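Q: how would this look folded up:
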Amino acid sequence: MATNGTDITHVTIDDDEDEDDQEVKLTADECQKLVEEFVALTQTDEALAQFYLQDRQWDVNRSVNDYLDQLATASGSGSTGDQNNSRKRHAIADEVVVSSDDNDVDNDNSNDCDIVFDTKNTKTLKTSDKSTEEEENQEVVTDIKDLRFICWNIDGIDEKNLRLRTEAVCKFIRNEKAFIVFLQEVNQTAESILRQQLPDYELLTGDSQIVDYYTATLIHKKSIKLDTNEIIPFHDSMMGRNLLKTKISIGNKSVYLLNTHLESTKDFADIRVQQLRRVFKLMTELDQQSTVIFGGDLNLRDNEVAKCGIPHKVYDVWIKTGARKELEYTWDMTRNDNLQFMGAKYKPRLRFDRIYVRPSTVAAAAPEVEAIRFGLIGLERLKPHVCFPSDHWGLTVHFKIK
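A: From the prediction side, this is the model:
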């Protein structure tokens, strides 16, 4: 809907701890400034900033104070830590400048936060065509020390704004300078865009004969050597799911890539657990001198992982890198409204997308390939349709190469 030439979108924010929810109207530029302000004050990152600000009506003071309180609680700080945090709060209070007017806040006990996008002043993520400059500046790395990895269900099933959303995914891949990408829910339209806009990548698909969407693994042609690739079917799948198994070489290091989209919905939990067991078993059986990276939209619930059991020496990347709460939920309907459930009584948030690693046994002292950083991408809305790139957040991982 439009008001005085300004586009408006409604974002519902659930805050169980605050009964006096407010309706906040901010431009996209103002929201970004608040994110950057939180980052500067806390020395954290934008994912954490958005997590705190969105759940606290974009109040920087409150968000930073809550962050410091939780930080102190988590670290079990004593009086010295409390005094340090108190000094930080006073310093922050002097520095914080809220971008919106008091008139922009309407205390009507509403659960809606209206973010107003001013078409004249809003920063946009342009996704039309890959620029020549980006192509020319594409990094060529032969001695990789920081292996950048993305895993993302791009929701090719939803035809709405598919070109805009897929082009945004391509832009993220280029901007992140990813060497390896796992995608799920790719269809022929999305694949065509990916091939056109990402010519520096080898694109391998787990094309399904049953449904019209599938997985895709992308590897950077100039930096990584493709050794083998095969599709391993899940014969028990009712949804045409399979496992895309790719062996690559990064310098003299051997790595297996296992990209999949496990069975969806609660009704197929038993089949999903069996599929997970099969992949975990494969991880343990593959060449011990190779690193194995397994990930995708696994549709998992924690009790299903517990039922299956994570194999010895295999780790969950999110847990290994600190299990940060703001990075936990990859399918979060409290923050992402691309998908709407009519009549739903609550908005689910789940960690469907996961990455597991089995290190090689080549170096006993330290892994050859080790996950050191985990993050989320796709958290900002795209213009002009005011949607997210997908109903899932994308996962990014930085692996340290020894």
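
Q: how about stretch 358-377: buried residues?
A: Across stretch 358-377, burial judged by 16 or more other Cβ atoms under 10 Å covers 358-360, 362, 367-371, 374-377. C-beta here means a position set from N, CA and C on the backbone, and glycine is covered the same way.

Q: which of the residues you listed scores worst on pLDDT?
A: pLDDT across those is lowest for Val362, at 82.

Q: what about Arg218, which SS state?
A: Not Arg; residue 218 is Leu. When classified by DSSP: H, G, I helix; E, B strand; the rest coil, Leu218 comes out as strand.

Q: residues contacting it?
A: Contact analysis of Leu218 by Cβ atoms under 8 Å, 6 or more residues apart in numbering lists Ile173, Ala178, Ile180, Val181, Leu183, Leu194, Leu198, Tyr201, Glu202, Leu203, Leu204.

Q: what about 6 Å?
A: Applying Cβ atoms under 6 Å, 6 or more residues apart in numbering to Leu218 gives the contacts Val181, Tyr201, Leu203.

Q: again with Phe38
A: Phe38 makes contact with Ala49, Val60, Ser63 under the criterion Cβ under 6 Å, 6+ apart.

Q: which among the residues you listed count as buried?
A: Among the contacts of Phe38, those classed as buried by 16+ other Cβ under 10 Å are Ala49, Val60, Ser63.

Q: from Tyr52, how far off is the last one?
A: Using Cβ to Cβ, to the nearest Å, we find Ser63 at a distance of 4 Å from Tyr52.

Q: ok, now Val181?
A: 29 Å.

Q: run through the stretch 301-402 of the chain and note the low-pLDDT ranges.
A: Along the stretch 301-402 of the chain, segments meeting pLDDT under 70 span 343, 363-365.

Q: residue boundaries of the strands in it?
A: For the stretch 301-402 of the chain, the strands defined by DSSP state E, counting those that start in this stretch cover 315-316, 331-332, 349-350, 353-358, 369-377, 394-401.

Q: who's in contact with the fourth one?
A: Contacting residues not belonging to strand 353-358 are listed as 151, 283, 292-295, 297-298, 313-317, 330, 371, 392, 395 [Cβ under 6 Å, 6+ apart].

Q: among those, which are located in helices?
A: Using DSSP state H to define helices, the subset of these located there is Met283, Val317.

Q: please, where are all the helices along this structure?
A: 28-42, 46-54, 60-75, 79-95, 132-136, 162-176, 188-197, 269-285, 302-308, 317-320.

Q: what's the third one packed up against?
A: Contacts of helix 60-75 with other secondary structure elements, assessed using 3 or more Cβ pairs under 6 Å, 6 or more residues apart in numbering; DSSP states H and E, are made with helix 28-42, helix 46-54, helix 79-95.

Q: buried ones in it?
A: Within helix 60-75, judged by 16+ other Cβ under 10 Å, the buried ones are Val60, Ser63, Val64, Asn65, Tyr67, Leu68, Ala72.

Q: mind listing what Ala49 touches?
A: Ala49 makes contact with Val35, Phe38, Val39, according to Cβ under 6 Å, 6+ apart.

Q: mind running it again at 10 Å?
A: Ala49 is in contact with 32, 34-42, 60, 63-64, 67, 326, 379, counting by Cβ atoms under 10 Å, 6 or more residues apart in numbering.

Q: distance of it from Asn65?
A: Going from Ala49 to Asn65 by Cβ to Cβ gives 14 Å.

Q: now Leu395
A: 29 Å.

Q: what about the residue lying closest to Lys347 once chain neighbours are set aside, how many residues close to it?
A: Among residues not flanking Lys347 along the chain, Met333 sits closest, at 4.0 Å (Cβ to Cβ, 6 or more residues apart in numbering). A total of 20 residues lie near Met333 under the criterion other Cβ atoms under 10 Å.

Q: so Met333 touches Leu339, yeah?
A: Yes - using Cβ atoms under 10 Å, Met333 is in contact with Leu339, at 6.8 Å.

Q: what is in contact with the two at once?
A: Common neighbours of Met333 and Leu339 (criterion: Cβ under 10 Å, 6+ apart): Asp391.

Q: tell me the one of the contacts of Phe38 nearest Ile231?
A: Nearest to Ile231 among the contacts of Phe38 is Ala49, at 40.1 Å by Cβ to Cβ.

Q: in the stretch 101-250 of the chain, what spans have low per-residue confidence?
A: Across the stretch 101-250 of the chain, the ranges flagged by pLDDT under 70 are 101-142.

Q: show me the strands in it, by range?
A: Ranges of strands in the stretch 101-250 of the chain, per DSSP E, counting those that start in this stretch, are 105-106, 112-117, 146-153, 180-186, 201-205, 214-220, 225-233, 242-250.

Q: tell me the most buried of these?
A: Greatest average neighbour count among the strands of the stretch 101-250 of the chain goes to strand 180-186 (a mean of 28), per mean count of other Cβ atoms under 10 Å.

Q: grab the CA positions of that one and hand them over as PDB.
A: C-alpha atoms of strand 180-186 as PDB (Å, rounded to 0.1, in the frame of the first residue of the first chain):
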ATOM      1  CA  ILE A 180      31.700 -23.200  -2.400                       C
ATOM      2  CA  VAL A 181      28.000 -22.800  -2.400                       C
ATOM      3  CA  PHE A 182      25.200 -25.200  -1.400                       C
ATOM      4  CA  LEU A 183      21.700 -24.300  -2.700                       C
ATOM      5  CA  GLN A 184      18.400 -26.000  -2.200                       C
ATOM      6  CA  GLU A 185      15.000 -25.500  -3.900                       C
ATOM      7  CA  VAL A 186      16.600 -24.500  -7.200                       C
END
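
Q: neighbouring strands of that strand in the sheet, and parallel or not?
A: Neighbouring strands of strand 180-186 in its sheet, by DSSP bridges, are strand 146-153 (parallel), strand 214-220 (antiparallel).
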